[in-house]
Each structure stands twice: as C-alpha cells, then as structure tokens.
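1. sequence first, then the predicted structure, then my questions.
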Amino acid sequence: MRFNISKQKVGPIELGMSFDLALSKLNEIPGLLEEQSKVVARGMFMHYESELSLSVACQDGRHVNSIEVYRPERDVNFFLESFSVFETPADQLIEALSGEFSVEIFDDGHMFLIRDFLISFARNATPEGNSDDGKFFDSFLVAKPDYYEHLT
C-alpha cells in the first residue's frame, strides 16, 4: 500500500478535516486492528496488521490538527515527493530535502523540522558505527503551523 505525503495531508487524512470523516477514512485502511485501536474525544490512535500506527489529534475535538505516523514493519510505504520516508536512510532523506527546504535540527539529531512543509521527522537514536539504530526514521508528523511554535 502506498500513501503520499503533501503539505497538510498524509494519505487520506488532511489537516482541518472533520473528526468523523478522519475516523471513517482511517477505518477504510485495510488491516485495522480494532481491539488495539483507541478513539477518544480529542483524537484517535489506530493500529494495523502491518504494525503501522497512526495518531490523529483533534485539538478542538472536531477538526484534525496533527497526523503522526509510526513506522510500519511491512506492506505500507509513505512517500514525500519521490522518497520513501521509512525506507530511505534518514540522513540521505534530510540531505535531499535540504536542497529544497530549510531543515531545522533538534534533540542532537533525533528530530528534524521543515516548517515550510509543516512536517517533522523523528528517530529514537542517532547512527553509530555499523548499527542500524537511528539509520531510518521511526515516525513523522504533519501538523498545523501553530503546533511547532514552541520549537525555536
């Protein structure tokens, strides 16, 4: 399965979309594990057979203001332009995107933010030696501009 990432949109979910429509779209993604998924007043956390996890927050309880995607283990790819976000090495992805966007680095290289695109990428570790830890991103987040105001 392939999902595209664009400014304010991840696959079928778009910032500003109604809570009910977002929930409906998430329920349509194949492999939903209903018993492991959770819907609350201000968002939803959905799990799928591919080990994909999606967290969608609705700050006002009615409209999507952030979409966070956690690395799937198989069968799902997320593309930003021509890059597979979870299959392209993190440093290579950031280097390529730096040619088009201003990239800010936080937490000693664990988080990267592209404010112009309203997206951030995170990894739990930074690469050391021959280890694969931190080689790829573990998650990415697309959020409304005010979400990132606390980062300077």
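-> Looks like it came in fine. Residues are numbered from 1 along each chain as shown.

2. residues contacting residue 57?
-> Contacts for residue 57 (CB atoms under 8 Å, 6 or more residues apart in numbering) come out as 42, 43, 64, 65, 66, 67, 68. Bear in mind the C-beta positions are built from the backbone N, C-alpha and C, glycine included.

3. same thing with residue 97?
-> Applying CB under 8 Å, 6+ apart, the residues contacting residue 97 are 80, 83, 103, 114.

4. cool, and residue 123?
-> 90, 110, 111, 134, 136, 137, 138 are the contacts of residue 123 under CB under 8 Å, 6+ apart.

5. the nearest residue to residue 93 once chain neighbours are set aside: how many residues sit nearby?
-> Closest residue to residue 93 apart from its sequence neighbours, by CB to CB, 6 or more residues apart in numbering: residue 83 at 5.5 Å. For residue 83, the neighbour count with other CB atoms under 10 Å is 15.

6. can you tell me which of the contacts of residue 57 are buried?
-> Buried members of the contacts of residue 57, scored by 16 or more other CB atoms under 10 Å, are 43, 64, 65, 66, 67, 68.

7. end to end on stretch 2-22, go ahead and measure it.
-> Across stretch 2-22, the terminal residues are separated by 18 Å (CA to CA, to the nearest Å).

8. give me the residues contacting that stretch.
-> 25-26, 28-29, 44, 54, 56, 58, 61-67, 69, 76-80, 85, 117-119, 140, 142-144.

9. ok, now stretch 125-139?
-> 68-71, 85-91, 93, 108-110, 121-124.

10. just the residues you listed: which are in strands?
-> 68, 69, 70, 121, 122 (DSSP state E).

11. how much space separates the last one from residue 71?
-> Relative to residue 71, residue 122 is positioned 10 Å away (CB to CB, to the nearest Å).
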